[in-house]
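Engineer: build the 3D model from these lines:
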Amino acid sequence: MSLWAQRKQFTYISVFLLIVVVILSVPFYYYFIRHQDTCFDGIQNQNEEGIDCGGICTKVCTLSSQAPLVHWQRFFRVTDGVYSAAAEVENPNVNVYAESVPYRFRFYDDNGVMIAERTGNTFMLPNTIFPIFESGIQTGQRTPIRVSFEFLSNTIDWQKKPYQLPRLVIIDQTLASSTSASATSSAKIEATIQNQSDFSATNIEVVALVFDVNDNAIASSHTVVDQIDARSATKVTFTWPTAFSVPVSKIEIVPKVLPRFNQ
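Structural biologist: Modelled structure (predicted):
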């Protein structure tokens, strides 16, 4: 073989080997040099208990958490064809929370036919029992006799990371009734919420629950407070167009506010 032919063959082989090296170096660089283990890479690595969950990751693996509990659900007539609904739920998990959990209320008539539906989302703080409230649910000319409540997600995105929660305390509450010139009675609850924290609380949903002597919820309402400054207090008022039909045994005022997550 001539020297020219040997050089040509060497050139072909060199080009071929260079192409092979380039092709192999790309995945090698990505998986062994460039790739960094994260909690969002779809791989069970680091000290994760599952894929992108547990261990160092803030997301909690499904098998390591419990499903939320529903203690009761009720509906309340506001006016003809307009109702509100409330449910008491619990997050039994001690150290984990969920930022957004979808839920649904459904109203049924005496034939078991669904006549109204309302969906929403709620967040769940660790190891807490709290109410979920929906208002202005319209049923038209039909009268509900039953309401159901359910969570819509079978796999809740439970998380764990440090956060701060303002300490909101109900320091007083009163129930009053009044009679108008037309001799119709109404009901009103007033309460004071005190922020005992060193930082402001914002966008506070406050739910009022009224119970009879058998500990059944007979009325509910809610309001939203934009802000309560640190070491300050504010008053909230809940009203109903008619007086309660049975004696009131207990009132619960529950403020609910999103936590501040530590960076």
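Engineer: what are the ranges of the strands in the stretch 101-250 of the chain?
Structural biologist: In the stretch 101-250 of the chain, the strands defined using DSSP state E, counting those that start in this stretch lie at 114-124, 128-138, 146-151, 158-159, 163-164, 168-179, 185-195, 201-211, 217-228, 232-240, 250-256.
Engineer: what does the fourth one contact?
Structural biologist: Okay, so that is strand 158-159. Contacts to strand 158-159, defined as Cβ atoms under 8 Å, 6 or more residues apart in numbering, come from residues 58-60, 62, 65, 93, 96-99. (Each C-beta comes from the backbone N, C-alpha and C, glycine too.)
Engineer: returning to that earlier point: closest one to residue 44 among the strands of the stretch 101-250 of the chain?
Structural biologist: Relative to residue 44, the nearest member of these by Cβ to Cβ is strand 158-159, separated by 17.4 Å.
Engineer: before we move on, the earlier item: out of the strands of the stretch 101-250 of the chain, flag the one nearest residue 43.
Structural biologist: Of the strands of the stretch 101-250 of the chain, nearest to residue 43 by Cβ to Cβ is strand 158-159, at 19.6 Å.
Engineer: include distance to residue 106 when you put the strands of the stretch 101-250 of the chain into CSV, please.
Structural biologist: Below are the strands of the stretch 101-250 of the chain laid out as CSV (distance: least, Cβ to Cβ, whole Å):
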stretch, distance to residue 106
strand 114-124, 5
strand 128-138, 10
strand 146-151, 5
strand 158-159, 26
strand 163-164, 33
strand 168-179, 31
strand 185-195, 27
strand 201-211, 20
strand 217-228, 17
strand 232-240, 24
strand 250-256, 23
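Engineer: list just the one of those strands that sits closest to residue 49.
Structural biologist: Checking these against residue 49 by Cβ to Cβ gives strand 158-159 as the closest, at 12.4 Å.
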